[in-house]
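**Student:** sequence and predicted structure below; questions after.
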Amino acid sequence: MTGRAGTALLALVVLFCLLTPMLSGYDPYVPDLEHALLPASAEHWLGTDQLGRDLLTRTAMAGRISLLFALAITTVTTILGTLFGTAAGLAGGMPDRLLRLAATMALALPGLTLALALAGVLPPGYVTVLAALVPLGWVNCGLVAHTATRRLLSSDFVLAVRAIGASPLYLVRRTVGPHIAGPILTVATADFARALVAVTSLSFLGIGLPPPETDWGGMVSEATPLLAAAPRLAIVPALALAVTGLAVALVVDARHEPGQTPD
């Protein structure tokens, strides 16, 4: 039940971000100073921001960027983690020890602080955000893939397949891969939520995309000086982020329920 609710809520967020900029008729980037800080009305359902841009449209467009960034980061880190973890699990020996050492070092580092340090010396932009968040983002998925692979290698059916001379590629494609896909998908879903928070945090701290492009964190940062006069400018994107996080959390919780996550 929680999984369906989370999926439905996440689908609504995605549809809102995709359709609103196309249907509203307002450009989320072009200022209109004559209509700055207008209250909610029939023309502007959530009012306008300090530059006269429609707040609903800008929130949806910022959501597109936030979700796409989080999805891109999660995709890259999931692929890297799965490859590293599975390869180390199959090889054992030195690759296995190196993966554990790398994971231990990565988990000991404050991820967001490292991202801030890297992003602080690079110009704002898409590549900078990816370079700041990918290096440590693969660890969780890598450890899960490694543990699941090592556990499978000791099972009877994998031992039988290896005994008849199956190649490592065959093991990955026909035995290991299908059995570790469930746990990896669960970790990737949780990593998506963490990536979304990290992306918006970097933008809030001023290390995100250069204006006029922005995401939900950037919108909150832009609205900070106007919290007393127009708190809705910060509340709306913050609420959108909270709703998205809740949707993802419901999906992750559902996958952890008995019978939902395969061994």
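**Tutor:** Received the coordinates, thanks.
**Student:** residue ranges in this protein under the pLDDT threshold?
**Tutor:** 110-111, 119-120, 162, 166, 168, 255-263 (pLDDT under 70).
**Student:** where exactly do the helices run in it?
**Tutor:** Counting by DSSP state H, residue ranges of the helices within the chain are 2-23, 55-91, 93-108, 111-120, 126-137, 139-153, 156-163, 168-170, 177-204, 216-223, 232-256.
**Student:** just checking, what packs against the fourth one?
**Tutor:** If contacts are counted by 3 or more CB pairs under 8 Å, 6 or more residues apart in numbering; DSSP states H and E, helix 111-120 sits against helix 126-137, helix 177-204. C-beta here means a position set from N, CA and C on the backbone, and glycine is covered the same way.
**Student:** related to what we said a few turns ago, can you tell me which of the helices of the chain is most buried?
**Tutor:** helix 216-223 (a mean of 24; mean count of other CB atoms under 10 Å).
**Student:** so what touches that one?
**Tutor:** Outside helix 216-223, the residues within contact range by CB atoms under 8 Å, 6 or more residues apart in numbering are 49-50, 58-59, 62-63, 66, 199-206, 208-209, 214, 230-231, 233-234, 236-238, 240-241.
**Student:** tell me which of the helices and strands packed on helix 111-120 sits nearest to residue 16.
**Tutor:** helix 177-204 (15.1 Å; CB to CB).
**Student:** check the offset of that closest one from the chain's centre.
**Tutor:** 5 Å (CA atoms, centre = their mean, to the nearest Å).
**Student:** if we can go back for a sec, out of the helices of the chain, which comes closest to residue 31?
**Tutor:** helix 55-91 (11.0 Å).
**Student:** could I get the helices and strands packed on helix 111-120 in JSON lines, plus columns for distance to residue 105?
**Tutor:** Below are those laid out as JSON lines (distance: least, CB to CB, whole Å):
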{"stretch": "helix 126-137", "distance to residue 105": "9"}
{"stretch": "helix 177-204", "distance to residue 105": "19"}
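**Student:** most distant residue from the middle of the chain?
**Tutor:** Here the chain reaches farthest from its C-alpha mean at residue 164, the gap being 41.2 Å by CA atoms, centre = their mean.
**Student:** with residue 151 as the reference, measure out to that one.
**Tutor:** 21 Å (CB to CB, to the nearest Å).
**Student:** excluding chain neighbours, what is closest to residue 245?
**Tutor:** Leaving out its chain neighbours, the residue that sits closest to residue 245 by CB to CB, 6 or more residues apart in numbering is residue 193, at 5.7 Å.
**Student:** what residues are up against the one you found?
**Tutor:** 70, 245, 248-249, 252.
**Student:** cool, and residue 213?
**Tutor:** Applying CB under 8 Å, 6+ apart, the residues near residue 213 are 29, 65.
**Student:** now the phi/psi pair for residue 25, please.
**Tutor:** Dihedral pair for residue 25: phi 90, psi 0, per degrees, to the nearest 10.
**Student:** then residue 211?
**Tutor:** Dihedral angles for residue 211 - degrees, to the nearest 10 - are phi -60, psi 150.
**Student:** equivalent analysis for residue 44, please.
**Tutor:** With angles defined as degrees, to the nearest 10, residue 44 sits at phi -120, psi 100.
**Student:** that one is in contact with residue 52, isn't it?
**Tutor:** No. If you go by CB atoms under 8 Å, residue 44 and residue 52 don't touch, sitting 9.5 Å apart.
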